[in-house]
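Novice: Here is the input, now give the coordinates:
(chains A and B)
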Amino acid sequence: MEKQRYERPIIRRLNTGVMNKFGTKTEYEPVTHIDDCAVKDLIADYGSPLFVISQKTIHETYQAANRAFNTRYPKVQFAWSYKTNYINAVCNVYHKLGSWAEVVSGFEYLKALKNGVPGSKIIFNGPDKTVEELKLAMENKSLIHIDHLDELYTLTELCEETGIRPKVAIRVNMDTGIYPMWDRFGFNYENGQAWDAINKIVLSDRMDLVGLHAHIGTFMLTANAYGVAAKKLSELALSIKNKYDKKIQYIDMGGGFASTNTLKGSFLSGTDTSPSFDDYAEAISTAIMNAGFVEDELPLLILETGRAMIDEAGSLLGSVISNKRLSDGRKATIMDFGVNILFTSFWYDHKISPAQEFSHHTEDSVMYGPLCMNIDVVRENVTLPPLKRGDQVVVHTVGAYNMTQWMQFIALRPAVVMIDLEGKPHLIRKRETLDNIDQQEQMPAYLKEFKL
Amino acid sequence: MKAQGKYLFRLFWEGLLHSYSQIFFSLDKVFAVVLLLCSFIDPFVGISAIVAGIIAIVIAFFLGFDHKNIREGMYSFNSVMVGMVMAVYYDMNMPFMLLLVLMSVFTLFFTLAINAQLKVYGLPIMSIPFLFGVWTVHLVGREFAGLHLTERGIYTINELWSYGGERLVNFYDMMENLPIPDIIDVYLRSLGAIFFQFNILAGLVIMVGLIRFSRIAFLLSLVGFFSGYLFFGFMQGQFSHLHYSYIGFNFILSAIALGGFFIIPSRGSFVLVALASPIIAILIAAIGNLFTVVQLPIYSLPYNVLVLITLYVLKLRLAPKGLTPIVEQSYSPEVNLYRFLNQKERYANDTYFHIYLPFYGEWTISQGHDGEVTHKGDWKEAFDFVIQDEENHTYKSTGSRLEDFYGFGRPLTAPQMGWVVSVENDVDDNQIGEVNLHQNWGNTVVVKHGEGIYTKLSHLKKGSVKVAVGDYIKKGQVLASLGNSGRSPEPHIHFQMQATPYIGSKTLNYPLAYYMEKTADGQKFHAFDYPQEGQTISNVQVNPLLKKALGLIPGMHLYLQGDGERVEWEVFTDAYNYTYIYCHQTEAVAYFVNNETLFYFTKFIGNHNSLLFQFYTGLYKVMLGFYQNLKITDCFPVDAIYSGFLKGMLDMVSPFYPVVKADYELSYSEMDGGIEPEWVKLNSELKVKALGSTRLQKNFRIEISKDGFSKFAISRNGKEKVYTCEVR
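Specialist: The predicted structure follows:
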């Protein structure tokens, strides 16, 4: 028999009065394994903290999304949003599943090319595309989503210069009834900017306007807004067909689907409030199907959803560095991961589970990261069993944005492991070393030597 | 006017020729000429037959009968035979001529009348009108003294002397006394007897013509005749029966009719022939004895009786097995056979109405035909579809709410164009696990696609039906959303074909036109098949490039250039709406069908060395959707690969064993990516296998661009010829 685990005593205030209608028990379930891999073993093999990505969850989520759209609309294509998570192995999982690539910078563009995505299956978004990058995208027959008039002018000049006829789309922003309205990207629908751009593109006759793109916001908690956007884009596509007899090949609804994370300040948990793929799919496909397209001229529906696709597939494993009592009596737990690698903790209350069995006693505490910075708070208030130094925890739903927005600040960035469909872990990004950082640096000769 | 005259001339000329070849179930003009010339061995017989034939054709034409049947000699061949027999028996004089005209008309009318009756049972008229005509002549000849029994044929030598002197007599003598066994002698004379020429020479000529027309028919005639002959010998029958007017031709005609013309040639049909001949022999003896009472020859009566009975009996089978009667006659046992061999894949498609899947995306059959749960009895030929995830669940989370089910609320589309005939839209959706036995079908749409072809979609969402009774709908149009109404414990599509317009009609066993099945390593293409329980299937997504390239519209020109050769092809449509590619250089013709999902060639006529033949081989069948690494297979009929002597040899064996297998395989190798793909590459292969080894292998590369075909390459034995294509 295993030795009984020691748990330090805790003091809890007893409440009198009316019972809480939700009961007194705090639900937590220890998560000891991820896809049959023991958390303990993973940390032992790859160190702590450690990002773990479950390929199985990626597949399940992708298939759920695919099913939701494909059974409602005849032509659907997903494009993997590189900025959400551009670790090459992750990108390739999506490409293997059939996703194209959606990139927002030259760096991401090159990454996609290097991963083997054919140029014609890369969607080039974003406000900052340099002349060289645009040229490269034109040569590779990529879909260029024009964000502003200056880009359009540059592109027109490039067309004249190279004689290439690129395939372009314009990004359209619009009022979909949500606040804040994202109007800084693309051309506005209501005030006629979009038509201005369309007219310029069509009349210049130097590029093919093949698509319309909208990205109405992020972490959208209402599917209805997508219905409005899809309706407006469809109307625009039909008007272009009427006016110029040009068939719009695709409508790109962008991303912004919410994952099951809980936003800070939200009363209910994300699992209860976030719309499902089915909700988004229903709103979007109904709007396009009812817009009045001729049956065989229905545009291809492209979706660039990143967050909802991968968030749940990612977990962060970490270990307790220390416990502390704060001046006001609150308990504090210091972890070996902080906002440096868990950037999303700025806006989510991440669900955190212990990775080993405990008794049913819990206590409220503040969870801090390891940084020597006051803002390094992972959770302001979390109810967990009494953790002690060396105990391990699993932070859930961290697949999106963390592995791209993480900072090499104070500490080095951890390793990333992918667990394949058979439950076998693969290291997909090595833990950073000092050499990695030093590699980029250069020392002027006169600073090389000093004596203290 | 000129064209009209040309048409009429062809109609009459071909009709007359076919009146001769029809007797051997052939539309082969060369064979017809041989037979015609044969009938002129006795010039009076020849003239009399032609006159009778012309009269029958002219009258049928002026009475306004079907030109196709006139052209095929269907109405006139009985009259021709009556004409022949009359000339064999009587001298030519005015009463004879008058009787010939009248009998020809009578036989024609008899033909038309009996044809109308037998057609109802799907049976041929055979030579029944001839029998009645000729018996009438025999019986009436005893009454009219104006008719003189002829002495021709009795003093044959004298007649020959008068035509060709001593040399002809000697030749005749030599032919008649050829040192050949009796069985072959009788066989040849029996062949001649079909044209009332009871000599070896005529028999030999007809035999050569028969071999030229059809090797299978020749083989059948041998099997049939020898079987009957040997039976006669075994039973110690009177051989005078066989020698008297060589009545053994009954064996030959029955053999060809049963073995290869009305029934697909096969091992079974040869066995049938071998068994039929003894029965014919019995009938010959029995009917022969009976008819001596009225002093009438029996001619082809035994053959008529047996063939009609056999064909009728075969049609009465509940679950036909073995012998396959021919539905669409092609007037050649060879063509009948080769068509049949890959009929299921290719020609069957023409006869079915095309019904597609009524949904978007991939659905799984939860209950197919003859299902375990509810697809029983009158409703056994139905399909239930659900959406399944990777764990084979049809729902997410707990599956306790309708919204948890993947199928719930999904749009359902029209499986084909048609008219809405019944709609039910007000039945409440059940909660999960509950069923509404009272309103069994729940909300339902029934669409009429044609007479006797209806489809029904049931268990729809309350209030979701977007169409009303009387609406004309297009294929793929959204009709309603899936719900859970009626006898439906969880959301699923009930889809069935039926012959009547009612909700609750019994089902019709009907295949689905084209669909893709999801397999472990990709997709599988199905044509006119019945999806099975557990299969996950979807509609074919047609690729715009393939659709454009293979959408060969009449008037289109294709130019192929390469290897020092340049050809011009043009697309035409003929009077029967069949489309074909015509090569201006070689005059070769390749017929094709394009039904928007599948493009396939059906027939090639012309030189097998032409580039068009290579094109025909390389693009034998192309499915118009692009699925990476998908492979489509088919097989070529022997007559599409071989011609000439080799084919003739193969014809003899093909009914028994497919010595030669010519397999076609098309693979979808590569496609340009992106929103508007600019090229597609296909590879195809022809592999002819015989006796376990590959005899011939050709590989084809086909490249398609936005303008249609751009490149066509053929490689054989490692050498490749590349042609660039241009479409205008």
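
Novice: The residue of chain A found nearest chain B: neighbour count?
Specialist: At 2.7 Å from chain B, residue A:120 is the closest residue in chain A, using CB to the nearest CB. C-beta here means a position set from N, CA and C on the backbone, and glycine is covered the same way. Neighbours of residue A:120 under the rule other CB atoms under 10 Å in any protein chain shown: 18.

Novice: again with the one 10 residues further on
Specialist: Taking other CB under 10 Å as the criterion, the count of residues near residue A:130 is 11.

Novice: got a list of what the closest residue to it other than its chain neighbours touches?
Specialist: Using CB to CB, 6 or more residues apart in numbering or on different chains and skipping residues adjacent in sequence, the residue nearest residue A:130 is residue A:106, 6.1 Å away. By CB atoms under 8 Å, 6 or more residues apart in numbering or on different chains, residue A:106 lies in contact with A:129, A:130, A:132, A:133, A:136.

Novice: phi, psi of the residue of chain A closest to chain B?
Specialist: The phi/psi pair for residue A:120 (degrees, to the nearest 10) reads phi -70, psi -10.

Novice: so it makes contact with residue B:674?
Specialist: Yes - counting by CB atoms under 8 Å, residue A:120 does reach residue B:674; the two are 2.7 Å apart.

Novice: any shared contact partners between the two?
Specialist: Joint contacts of residue A:120 and residue B:674 (CB under 8 Å, 6+ apart) are A:141, A:143.

Novice: Go ahead and list the helix or strand containing the residue nearest to residue B:633 when sequence neighbours are not counted.
Specialist: Of all residues beyond its chain neighbours, the one nearest residue B:633 is residue B:665 (5.0 Å), with distances taken as CB to CB, 6+ apart. Using DSSP states H and E, residue B:665 maps to strand B:660-671.

Novice: Next SSE downstream of that strand?
Specialist: Trace forward from strand B:660-671 with DSSP H and E and the next one is strand B:679-690.

Novice: Could you list the buried residues of that following strand?
Specialist: Using 16 or more other CB atoms under 10 Å in any protein chain shown as the test for burial, strand B:679-690 gives B:680, B:681, B:682, B:683, B:684, B:685, B:686, B:687, B:688, B:689.

Novice: Now do the same contact list for the fifth one.
Specialist: The reference is to residue B:684. Contacts for residue B:684 (CB under 8 Å, 6+ apart) come out as B:618, B:619, B:620, B:664, B:665, B:666, B:667, B:699, B:700, B:702.

Novice: hmm, back to that, let me see the backbone angles for the residue nearest to residue A:130.
Specialist: phi -60, psi -40.

Novice: try residue A:172
Specialist: Phi and psi for residue A:172, reported as degrees, to the nearest 10, are phi -120, psi 130.

Novice: what's the answer for residue A:362, then?
Specialist: Backbone torsions for residue A:362, taken as degrees, to the nearest 10, come to phi -130, psi 160.

Novice: What are the neighbouring residues in contact with it?
Specialist: By CB under 8 Å, 6+ apart, the contact set of residue A:362 is A:26, A:28, A:383, A:384, A:385, A:386.

Novice: let's see 7 Å
Specialist: A:26, A:28, A:383, A:384, A:385 (CB atoms under 7 Å, 6 or more residues apart in numbering or on different chains).

Novice: Just the buried ones among the residues you listed, please.
Specialist: So, by 16+ other CB under 10 Å, the buried ones in the contacts of residue A:362 are A:28, A:384, A:385.

Novice: So which of those sit within strands?
Specialist: Per DSSP state E, strands hold the following members of the buried ones among the contacts of residue A:362: residue A:384.

Novice: ok, back up a step: what is the nearest of the contacts of residue B:684 to chain A?
Specialist: The closest of the contacts of residue B:684, once distances to chain A are taken by CB to the nearest CB, is residue B:667, at 19.8 Å.

Novice: Okay, the closest one and residue B:528: tell me how far apart.
Specialist: 22 Å (CB to CB, to the nearest Å).

Novice: How about residue B:295?
Specialist: On the measure of CB to CB, residue B:295 and residue B:528 end up 57 Å apart.

Novice: Which one's more surrounded, these two?
Specialist: residue B:528 (19 against 9).

Novice: my guess is that one contacts residue B:511, does it?
Specialist: Yes - here residue B:528 reaches residue B:511: they are 4.4 Å apart, a contact under CB atoms under 7 Å.

Novice: Identify the contacts common to those two.
Specialist: residue B:352.

Novice: Stretch B:283-291 - what's its average pLDDT?
Specialist: For stretch B:283-291, the mean pLDDT works out to 88.

Novice: ugh, wrong one, I meant stretch A:302-319
Specialist: In the prediction, stretch A:302-319 has an average pLDDT of 96.

Novice: Tell me the span between the first and last residue of it.
Specialist: With CA to CA, to the nearest Å as the measure, the ends of stretch A:302-319 fall 41 Å from one another.

Novice: and it, how far from the chain's centre?
Specialist: Centre-to-centre, stretch A:302-319 and its host chain are 6 Å apart (CA atoms, centre = their mean, to the nearest Å).

Novice: Stretch B:178-190 now?
Specialist: The answer for stretch B:178-190 is 36 Å, by CA atoms, centre = their mean.

Novice: and what of stretch A:251-267?
Specialist: Distance, centroid of stretch A:251-267 to centroid of chain: 9 Å (CA atoms, centre = their mean).

Novice: Report the buried residues of that stretch.
Specialist: In terms of neighbour count (16+ other CB under 10 Å), stretch A:251-267 has its buried residues at A:251, A:252, A:253, A:254, A:255, A:256, A:257, A:258, A:259, A:260, A:261, A:262.
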